[in-house]
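Participant: what's the 3D shape of this:
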Amino acid sequence: MFKLEGKDAEMILANLKSWNLTDGNGVEGDSLTLSLFSEGISGIPPKGEKYEVYLGEVFRETFQISKRSAKMSPKEVSLVLSVAPFSQDDANGFRAKKSNSWDRVSIEKVMVDSLLPHGYSIFVHPKLQKIEIEHLDRTDESCSVFLRRLAKQYDAVAKPVGSTYVMVPKGEVLSASGNTIETITLSLPVGNSSTLPNFVNVDVELDGREDFSGVLASYLSTDEGKRLDANAGSAPFKVLGKDFNSEAEAKQACLTELRRIQREGRKLTITAPANSSAFSEGLIVLDDSFDLLFRGSCSIDSVTFFGQGRQAKTMSIQATLTGV
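Facilitator: Numbers count the residues shown, from 1 in each chain. Take a look at the predicted model:
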């Protein structure tokens, strides 16, 4: 059951035709699109109006209206809502391109410096808190673009969750908000068929994981004036193409890339009945009812729910088979 809480929630739900809710991966972001029957609607909610969104009893996010449109035939109103702060004039410059530099800095400090002026609180996953960055430049980038680039460097996701901006490693069961995400187990229904309402389908890429057991990187030693190597894992090694500024930086790059190689496997698209506990960053397990080619533990990259009226019908999950 799809639920809204907010000023015009009752009117929206009474006229709700269809909707889709996307929990993104830090690149696409989170969004909610509502299609309303417009016959008899006397007023359309304004931009910026906020709504708390629930699937059943599961709170998904607080969204605010960022775009509105209407059709004459068929008579329909479309509302697009986003988690990201919406401001017509962007008064505090969140989307402005800026430059900055840091030396020997933590990810948390970078996020505080970048986001506190825009009213966000910060959450950095414990696995990322001890990383010290030797040198970091933000060069003519908006805040969100810069933080997505930084997150990618550490195989992580950076995104707003309500009033908190978060950074969390991909594929963790501890979510971006710091809460534990339920691991979902999916089974094939008896007589699985596209004609059934509980139909499950999986598309899988057959080539995915890189065939490496370790990662090697080079750094320039200021003490010895030599080009030295750091590594993580064991042979065969993937060699990173760039030189790093220090042994610590090279080692961290090796560990991050090795984690990504071990985490990533084949890419899947899963279509299944809606499960309100499915969140990006979480895990979904395809159990033994699936053929060996499909079964396993998957990291959810993004999930989109589709509904008619107040009912959640199906979900589409983009996921990656993990190496664990």
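Participant: contacting residues for the residue lying closest to residue 75 once chain neighbours are set aside?
Facilitator: Closest residue to residue 75 in three dimensions, ignoring its sequence neighbours and counting by Cβ to Cβ, 6 or more residues apart in numbering: residue 38, at 4.5 Å. For every residue, glycine as well, the C-beta is placed using N, CA and C. By Cβ atoms under 8 Å, 6 or more residues apart in numbering, residue 38 lies in contact with 15, 70, 71, 75, 76, 77.
Participant: and after whichever strand or helix holds the second one, which helix or strand comes next?
Facilitator: Taking DSSP states H and E as the definition, residue 70 sits inside strand 58-71. Per DSSP H and E, strand 58-71 leads on to strand 76-82 as the next helix or strand towards the C-terminus.
Participant: parallel or antiparallel, list what pairs with that next one.
Facilitator: Each strand pairing with strand 76-82, determined using DSSP bridges, is listed with its direction: strand 31-37 (antiparallel), strand 58-71 (antiparallel).
Participant: could you dump those into a markdown table and include distance to residue 156?
Facilitator: Shown next, in a markdown table, are these (distance: least, Cβ to Cβ, whole Å):
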| stretch | distance to residue 156 |
| --- | --- |
| strand 31-37 | 21 |
| strand 58-71 | 19 |
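Participant: and among these, the most buried is which?
Facilitator: Mean neighbour counts were taken over the strands paired with strand 76-82 using mean count of other Cβ atoms under 10 Å, and the top value, a mean of 20, falls to strand 31-37.
Participant: the strands paired with strand 76-82 into JSON lines, with extra columns for distance to residue 293 and mean pLDDT?
Facilitator: Written out in JSON lines, the entries for the strands paired with strand 76-82 read as follows (distance: least, Cβ to Cβ, whole Å; pLDDT from 0 to 100):
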{"stretch": "strand 31-37", "distance to residue 293": "32", "mean pLDDT": "94"}
{"stretch": "strand 58-71", "distance to residue 293": "31", "mean pLDDT": "89"}
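Participant: nearest to residue 49, out of those?
Facilitator: Residue 49 lies closest, by Cβ to Cβ, to one member of the strands paired with strand 76-82: strand 58-71, at 5.1 Å.
Participant: which other residues reach the closest one?
Facilitator: When contacts are taken as Cβ under 8 Å, 6+ apart, the neighbours of strand 58-71 outside the stretch itself are 21, 23, 30-32, 38, 44-54, 76-84, 86, 161-162, 276-277.
Participant: change it to 7 Å
Facilitator: 21, 30, 32, 38, 44-45, 47-54, 77-83, 86, 162, 276-277 (Cβ atoms under 7 Å, 6 or more residues apart in numbering).
Participant: state whether residue 111 is indeed within a helix.
Facilitator: Yes. According to DSSP: H, G, I helix; E, B strand; the rest coil, the state of residue 111 is that of a helix.
Participant: neighbours around it, how many?
Facilitator: For residue 111, the count of nearby residues is 22 (other Cβ atoms under 10 Å).
Participant: residue contacts, it?
Facilitator: Shown in contact with residue 111 (Cβ under 7 Å, 6+ apart): 122, 124, 147, 165, 167.
Participant: in TSV, list those along with distance to residue 217, secondary structure and neighbour count.
Facilitator: Output for those, formatted as TSV (distance: Cβ to Cβ, whole Å; DSSP: H, G, I helix; E, B strand; the rest coil; neighbours: other Cβ atoms under 10 Å):
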residue	distance to residue 217	secondary structure	neighbour count
122	29	strand	17
124	24	strand	22
147	23	helix	26
165	29	strand	26
167	22	strand	25
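Participant: tell me which of these is nearest to residue 284?
Facilitator: Proximity to residue 284 was ranked across the contacts of residue 111 by Cβ to Cβ; first place goes to residue 167, at 22.2 Å.
Participant: in the sheet, who's paired with the closest one?
Facilitator: Taking DSSP bridges, one obtains residue 124, residue 158 as the residues bridged to residue 167.
Participant: and residue 18, by the same measure?
Facilitator: Using DSSP bridges, the bridge partners assigned to residue 18 are residue 35, residue 308.
Participant: and it, what does it touch?
Facilitator: By Cβ under 7 Å, 6+ apart, the residues touching residue 18 are 35, 307, 308.
Participant: do you know which of the strands paired with strand 76-82 lies nearest residue 313?
Facilitator: Using Cβ to Cβ, the nearest of the strands paired with strand 76-82 to residue 313 is strand 31-37, at 13.8 Å.
Participant: tell me how far the closest one lies from the chain's centre.
Facilitator: The chain centre lies 21 Å from the centre of strand 31-37; the measure is Cα atoms, centre = their mean, to the nearest Å.
Participant: beyond it, next helix or strand please.
Facilitator: Taking DSSP H and E, what comes next after strand 31-37 is strand 50-55.
Participant: tell me how far stretch 56-73 lies from the chain's centre.
Facilitator: Relative to the centre of its chain, stretch 56-73 is centred 19 Å away, using Cα atoms, centre = their mean.
Participant: buried set for stretch 242-254?
Facilitator: Of the residues in stretch 242-254, those scored as buried under the neighbour-count criterion (16 or more other Cβ atoms under 10 Å) are 244, 246, 247, 248, 249, 250, 251, 252, 253, 254.
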